[in-house]
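Asker: structure, please.
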Amino acid sequence: MDQRLAGQDMPSAMPAEFDAFIRQHRPTLVSYLRRRVSSEDDVQDIVQESLIRLMRYGEREPDAWGPLLYRIAINIRNDRLRRTRVRKDIQYVSLDESAHEVASPEPGHVQRINTQQELDRLRKTLLRLPERCRQIYLLNRIEGMTYPEIAAHLEIGVKAVEKQMSKALAKLRQSLNTGE
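Answerer: This is a model prediction of the structure:
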């Protein structure tokens, strides 16, 4: 009998039969598990744990030990596979020095400041546009109106709308390019 099993409590009438059962079935169980488990250390651990758990059923008939041993071994293997999958599914994030390298979907501080500065420049440029030019730009870009709709709304020609939009876009583009 395995040394780790020797210390377990077992009914006194059972040791000889149990030793014989182990000698007979252990090699077969090892062979069975080798086909289902990738690591030899895991095979030996599962066999050992299975034999220890089987000792709880020592009062049963020795004929019941065989199927019970295999059921115990399969359950132990399945439990280990589940634990391994759970560990792989959990993603750990270290909070040490490298935590600053974790990518964020949010823009960085510098990017937010640059964007805010661009928006401020565009707002100021938009406010400096002539009233009609600003109005046409806002109707198109904010209200989503087409050039013909703007022309009808303001009672001007489509060509006038196009001219004012070109003027507004040129000023806004210049503001972004020069930083003014």
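Asker: centre of the chain versus the longest helix along the chain, how much separation?
Answerer: With secondary structure taken from DSSP state H, the chain has its longest helix at helix 62-89. In terms of CA atoms, centre = their mean, to the nearest Å, the centre of helix 62-89 is found 28 Å from the chain centre.
Asker: buried residues, it. List them.
Answerer: Trp65, Leu68, Leu69, Tyr70, Ile72, Ala73, Ile76, Arg77 (16 or more other CB atoms under 10 Å). Where you see a C-beta, it was placed from the backbone N, CA and C, and this is true even at glycine.
Asker: now what about the helix or strand following that helix, what contacts it?
Answerer: Using DSSP states H and E, the helix or strand that follows helix 62-89 towards the C-terminus is helix 109-128. Contact with helix 109-128 is made by Pro107, Arg134, Tyr137, Ala168, Lys171, Leu172, Gln174, Ser175, Leu176, Gly179, Glu180, as judged by CB atoms under 8 Å, 6 or more residues apart in numbering.
Asker: sorry, back to before: for the longest helix of the chain, packing partners?
Answerer: helix 15-34, helix 40-54 (3 or more CB pairs under 8 Å, 6 or more residues apart in numbering; DSSP states H and E).
Asker: angle of the shortest one against helix 15-34?
Answerer: Inter-element angle recorded for helix 40-54 and helix 15-34: 140 degrees (by axes from the mean of the first three to the mean of the last three CA atoms, to 10 degrees).
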